[in-house]
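A.B. asks: Using only what follows, build the 3D model:
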Amino acid sequence: MKTLLTVIFSLFAFTCSASGKTELMHANIDLSDNTSLKRGAEHYVTYCLGCHSAKHIRYLRIAEDFELNQDIVLKDIAPVGASIYDSMLSAMDKHDSNIWFGTVPPDLSLIARSRGSDWLYTYLKSFYRDDTKTHGTNNALFKDVGMPNVLWKLQGEQIAHYTLEGENQVINSLSLERPGELSPSEFDLVVTDLVNFLEYVGEPAKLKRQQMGKYVLFFILIIGFIGYLLKKEYWKDIH
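C.D. replies: Below is the predicted model of the structure:
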């Protein structure tokens, strides 16, 4: 039953609150899943790096943190011609991006830290057809965003359903009108992997820091216990 509800939820995307504000969906990410992180890095290079750099991370760091051979990273993740020591930099010319999008696409190194993984997850699943826009899409979470839906071939085409709130029409839900190359559950995995990778890029040391924290707490407990025994021993002579 839980699986069925998950699929239905993915199919109909999301519902909005009565205020018309999009409710964030939960991104079920796992920074300890190196396979997911590798897939996310591959998706980022394929669908995002053309416009968005992630200059704070190098391919060498990815190889080390994901426990991958450097040759595998250069073959499966890095663009053709990239060095293992290169940062993840977009090849897009700033002048061209200003012409095409009216602005320079931002670097996404810290997007997960500034927006949060749930926001990113919801954003990537909230594009819908809007024929009034130059690139034919809009986003229910980020209205009038200049970014096109780069994942539309995978997801398919969503349409918006509206309700009347006062004198304004607000988006109540999205539904999949035209299926893409992937099923809803497969597309959900792509988005999850991509968000997982962006969460990692925002703080590569996060997983190791969390793991080290357990040992630090254990060390503090041991030192505290030893200190308590010493205190008892010292005060025994006083009393």
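A.B. asks: Would you map the helices across the chain?
C.D. replies: With helices called from DSSP state H, the chain shows them at 2-11, 34-47, 59-65, 70-76, 94-101, 111-115, 117-124, 152-155, 184-202, 206-238.
A.B. asks: want to try CSV for those helices, with distance to Asn168 as columns?
C.D. replies: (Glycine included, C-beta is placed from N, CA and C.) Below are these laid out as CSV (distance: least, C-beta to C-beta, whole Å):
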stretch, distance to Asn168
helix 2-11, 26
helix 34-47, 33
helix 59-65, 45
helix 70-76, 47
helix 94-101, 27
helix 111-115, 25
helix 117-124, 21
helix 152-155, 27
helix 184-202, 29
helix 206-238, 41
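A.B. asks: Nearest to Ser173, out of these?
C.D. replies: Closest to Ser173 of those is helix 2-11 (C-beta to C-beta; 11.0 Å).
A.B. asks: Rounded mean pLDDT for that closest one, please.
C.D. replies: The average of the pLDDT scores along helix 2-11 is 40.
A.B. asks: shaky segments in this structure?
C.D. replies: 1-21, 210-211, 237, 239 (pLDDT under 70).
A.B. asks: Just list what the biggest strand by length in the chain packs against, helices and strands only.
C.D. replies: Counting residues, the longest strand in the chain under DSSP state E turns out to be strand 168-179. Here strand 168-179 touches strand 127-129, strand 156-165, going by 3 or more C-beta pairs under 8 Å, 6 or more residues apart in numbering; DSSP states H and E.
A.B. asks: residues making contact with the last one?
C.D. replies: Right, the one you point to is strand 156-165. 13, 18-20, 127-130, 138, 140, 169-180 (C-beta atoms under 8 Å, 6 or more residues apart in numbering).
A.B. asks: Domains in this protein, by residue range?
C.D. replies: Here the domain parsing of the chain from automatic domain parsing is 2-204, 206-239.
A.B. asks: Who are the contact partners of the residue nearest the centre of the chain?
C.D. replies: Geometric centre of the chain, nearest residue: Val195, 1.7 Å, by C-alpha atoms, centre = their mean. Counting by C-beta under 8 Å, 6+ apart, Val195 touches Ala27, Ile29, Gly40, Ala112, Ser117, Leu120, Tyr121, Leu124.
A.B. asks: circling back to that earlier point, so for the longest strand of the chain, what gets flagged as buried?
C.D. replies: By 16 or more other C-beta atoms under 10 Å, the buried positions in strand 168-179 come out as Val170, Ile171, Asn172, Ser173, Leu174, Leu176.
A.B. asks: Likewise for stretch 50-61?
C.D. replies: Neighbour count says stretch 50-61 has Cys51, His52, Ser53, Ala54, His56, Ile57, Arg58, Tyr59, Arg61 buried, by 16+ other C-beta under 10 Å.
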